[in-house]
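Participant: Provided below are the primary sequence and the corresponding predicted coordinates.
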Amino acid sequence: MSVAERVGAVRIVPTRGIPYPTGDPSLPPAEERAWRRDLLLRALKAVSTHVTGPTRF
Amino acid sequence: MSRVVHYLNQFFAGFGGENAASTPPGVKPGAIGPGKKLQELFGTDHEIVATVYCGDDLAAASPEAVATILDLVAQQRPDIVLAGPASTSGRYGVACARVAAGAARAGIAAVASMHPDNPGLDDAGAAVVIASGASVRDMGTSLERLARAARKRLAGESLTEADGRIGRIPRRNVLVDRNAAGRAVDLLLARLRGEDAPAEVPIPRFDHVTPAPPVADAGKATIALVTESGLVPVGNPGRLESARATRWLRYSIEGKATAAAGEYASVHGGYSTVWANQDPNRLLPLDVARELEREGAIGVLHGEYLVTTGNGTTVPNARRFGVEWAAELRRAGISAAILTAT
Amino acid sequence: MAGSALKLLSHRVTTVTLGPATRYDAGVLTVSATDARRALAHAAIAECRVSWASPGDSARIVKVLDTVEPRTKAPGGGGIFPGFLGSATSQGHGETHVLSGVAVIAAGYLPRAQEAVIDMSGPGAALTPFGSTHNLVVEFTPAEGAPWENVDAAVRLGVLKLSALIAEAALGAPPDDVVGLPAIPHTRASGLPRIGAITNLQTQGTFKDVFVRGKSFGAASPILIDPNELHDGAIVSGQFGHPALKNPTYMHQNHPVVAELRRRDGKDLEFAGLILAPEPVEVEQKERVAAQAAALCAAAGFQGVVITKEGGGNADADISLKIDALVDFGIGSVGLFAEMAGAEGTAPSLVVPPERGTALISTGNYDEVVRLPAVARALGGATVDVAGAAATAEMELPTAVLYCSLSPLGAGRLTCREAA
């Protein structure tokens, strides 16, 4: 169980690294931005989805 | 004979129900309402010299109201302050907890009474909280338990689960004889032998949060970006702390297409900020949020972002920030917030 | 026989001073400022100054970076601090000389270093191990235009050189204590429980990194290491966050859990070995390292493990995941945690507790406030910014700011108890 689940967060989008939650420095810049866009779309999906408890998107 | 001050809300102090929830803080001499039964239970041993009261809306939300309440309490020179019983009434429980916490901070013994499910339970600071029943029907037994706890507290005795004690018991640093390495090996060997040796840290319980209903259509909604990454304009003009933050800040992102390197930097002390400072969109995804706003996947991107530093933040502060952010964003018509966490 | 035998020769220091030549004579240690400057000579450092701060002095060291115990194996170092002074080979055998009662402390500004304070007297002194050592404080001025990473590396190397150099002064003196540390056999039939240790090292990149035999442990997998290597400086700290929760080089040289297991070896336990593990930033990597470390414990025949960390709440996960992973191998464990229970001690103690274990030792509450009195002099800087005060002033600080006060390696005697 992650920290997010333990503290009661109900809509959780896992990312790749603590120092760069909406980044991935291992990717070339264009790919990183595309990955970040997908991440945000997942977040939008999460806020638009009915949940009953901690849920990962 | 000890001097007791009793705290009640507007209803139990006789001012009315919800319609009187903004009753300003005040004081009446002696015991009133449920306090009368308390005084009966105390007999001639302890005297309720005054009852301080306040409307729940004020006491639960306004620090100034709590400060006034505490002044009124202090003026009575009490040996102990008793608050409630609040049962499951949320605002009343929060008020009782804050009054008791404030009294305790001022060095006055304080006991609050509420049901274990009351949301105010964790706001009582160093004050003692005793379990009450769930409703007014249990008032008699709740008062009996509160009176017993008050007597013990005044006698300098410690209160435990057996007394109905609930909530968090303050933990204090203490220097002991053995170093932690030695104690660790002792505990491990005892547990390996099958002994039920006590650990030194209690396993904490965490909150259950009722999920907010989903946004019907993100393409029509106003969405906010918020973060605990400590990302602030370069130079940290708002002096956000790098650890143990006591505040949160807000910065305009109107007209900005991206979180530009050189314009923003993170002051968070809990992780290496090198990658984030190279490209602050790695903490605040403004570039792609604008893109999605242009494309209609997001209706409107809120014109500000909210920020604090989540490094060694105390839980009470973190909880306060969350409540304030929620109030702030709701006031601004936001339907959903996206929090980037480090 | 696996592992290696090491002999530690300790030379106690009772009095310290500065003088024209570095000497050690019947407990009196003299350090030459010229020698110090030579040890720290580097393109990235414009100049440096050394001064002594001793137990009981009305003195405060601020902006504390790393602390090192003066040790050497021979003139020139003899292999001490492998990867920095010596070649990056495994040490931990032969003889090592220790100047005990002394610490060399670097103090000054580095970016992202969280402000750390050591008081040599008053209530703060009992809360840090370095309130009881004679501290040679090295203050430095970076060379103009030098990148901070270079300054950091230069100070680190200079302090290690200086530590070895000072210890050399005692090479000719008869030791006050000689301790033999035999190799740890890997097969024994004593019937005593086999207890090992896992030491988690903070590995979060520049200014928050830890080095093993001279190399960052950042991308490493867990390793089994001869505990005697720690005596020769196999672990060097470049980690400047979380002052109370820091394991400086000095603590790795004097690893409290290893010392305790050694002390009881053959009495109520068998000391089974030491594993080092990194603390990755990504959760997936944390889980992977935890699984690997647990498998290594099983392969080494540990029946119980003492697990320590470095850093704040993020590092709690690195202990908790290992406690949980070890359950699957039938191996019991205990974790050393500091609590973040708020100033009043009523907030939840841990960010990430274990799910399948409850054996937790508390090294104290991070948030409890301590009031420090005014002092006559301060070293390392003119201000304590977290207190908004002059460094010599009276101030209130959370225990979090006091250097090593919540020693994650278990050196301290602080714990948390419930108030009445």
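Facilitator: Received, thanks. Numbering: from 1, shown residues only, chains lettered A, B, ... in the order given.
Participant: Quick check: closest non-adjacent residue to C:Arg23.
Facilitator: Leaving aside its chain neighbours, C:Arg23 sits nearest to C:Thr30 (4.7 Å; criterion: C-beta to C-beta, 6 or more residues apart in numbering or on different chains). Bear in mind the C-beta positions are built from the backbone N, C-alpha and C, glycine included.
Participant: that's a strand at that neighbour, yeah?
Facilitator: Yes. Using DSSP: H, G, I helix; E, B strand; the rest coil, the assignment for C:Thr30 is a strand.
Participant: roughly how far apart are it and chain B?
Facilitator: 32 Å (C-beta to the nearest C-beta, to the nearest Å).
Participant: residues contacting that residue?
Facilitator: C:16-19, C:21-24, C:169 (C-beta atoms under 8 Å, 6 or more residues apart in numbering or on different chains).
Participant: Bridged to it, which residues?
Facilitator: Note on C:Thr30: beta-bridge partners by DSSP bridges are C:Thr17, C:Arg23.
Participant: which of the contacts of C:Thr30 are buried?
Facilitator: Taking 16 or more other C-beta atoms under 10 Å in any protein chain shown as the criterion, what is buried in the contacts of C:Thr30 is C:16, C:22, C:24, C:169.
Participant: Give me the neighbour count for the closest residue to the first one other than its chain neighbours.
Facilitator: Of all residues beyond its chain neighbours, the one nearest C:Val16 is C:His134 (4.5 Å), with distances taken as C-beta to C-beta, 6+ apart. Other residues lying near C:His134 total 21 when counted by other C-beta atoms under 10 Å in any protein chain shown.
Participant: Get me the contact residues on the stretch 101-250 of chain C for chain B.
Facilitator: Proximity of the stretch 101-250 of chain C to chain B, by C-beta under 8 Å from any C-beta of the partner chain, involves residues C:112, C:114, C:126, C:193, C:195, C:204-208, C:241-242.
Participant: what do you get if the cut-off is 7 Å, keeping everything else the same?
Facilitator: Residues of the stretch 101-250 of chain C found near chain B (C-beta under 7 Å from any C-beta of the partner chain) are C:112, C:114, C:126, C:193, C:195, C:204-206, C:208, C:241.
Participant: Need the max-distance pair from these.
Facilitator: Greatest spatial distance in those: C:Arg112 and C:Pro193, 41.6 Å, computed using C-beta to C-beta.
Participant: The two: which has the busier surroundings?
Facilitator: C:Arg112 (22 against 17).
Participant: would you say the more buried one is within a strand?
Facilitator: No. Read with three-state DSSP, C:Arg112 is coil and lies in no strand.
Participant: Look up how far C:Lys208 lies from it.
Facilitator: 7 Å (C-beta to C-beta, to the nearest Å).
Participant: which neighbours do the two share?
Facilitator: The contact sets of C:Arg112 and C:Lys208 overlap at C:Phe240 (C-beta atoms under 7 Å, 6 or more residues apart in numbering or on different chains).
Participant: Need the three-state assignment for the closest residue in space to C:Gly313 that isn't next to it in sequence.
Facilitator: Closest residue to C:Gly313 apart from its sequence neighbours, by C-beta to C-beta, 6+ apart: C:Val351 at 3.2 Å. Of the three states, C:Val351 takes coil under three-state DSSP.
Participant: Based on its surroundings, how many neighbours for C:Met313?
Facilitator: Actually, residue C:313 is Gly. It isn't Met. There are 21 residues near C:Gly313, going by other C-beta under 10 Å.
Participant: Count residues in the vicinity of B:Gln174, would you?
Facilitator: Wrong residue type there; residue B:174 is Val, not Gln. 14.
Participant: isn't it right up against C:Thr415?
Facilitator: Yes. Counting by C-beta atoms under 7 Å, C:Thr415 is a contact partner of B:Val174 at 5.9 Å.
Participant: Common neighbours of those two, please.
Facilitator: Between them, B:Val174 and C:Thr415 share no contacting residue, judged by C-beta under 7 Å, 6+ apart.
Participant: Find the nearest non-adjacent residue to C:Gly301, please.
Facilitator: Spatial nearest neighbour of C:Gly301, chain neighbours left out: C:Arg194 (5.6 Å); criterion: C-beta to C-beta, 6+ apart.
Participant: what's the neighbour count on the one you found?
Facilitator: Neighbour number of C:Arg194 under other C-beta under 10 Å is 20.
Participant: Check the one 4 residues further on too.
Facilitator: The burial count assigned to C:Ile198 is 29, neighbours taken as other C-beta under 10 Å.
Participant: Report the contact partners of it.
Facilitator: Counting by C-beta under 7 Å, 6+ apart, C:Ile198 has contacts C:275, C:277, C:293, C:305, C:307, C:322.
Participant: Can you tell me which residues in the stretch 1-150 of chain B are near chain C?
Facilitator: Contact residues (C-beta under 7 Å from any C-beta) of the stretch 1-150 of chain B with chain C: B:125-126.
Participant: where along the stretch 1-150 of chain B do the strands fall?
Facilitator: B:2-9, B:26-29, B:46-54, B:80-83, B:109-114, B:128-131 (DSSP state E, counting those that start in this stretch).
Participant: could I get those strands as a markdown table with mean neighbour count?
Facilitator: Output for the strands of the stretch 1-150 of chain B, formatted as a markdown table (neighbours: other C-beta atoms under 10 Å in any protein chain shown):
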| stretch | mean neighbour count |
| --- | --- |
| strand B:2-9 | 26 |
| strand B:26-29 | 15 |
| strand B:46-54 | 23 |
| strand B:80-83 | 29 |
| strand B:109-114 | 29 |
| strand B:128-131 | 27 |
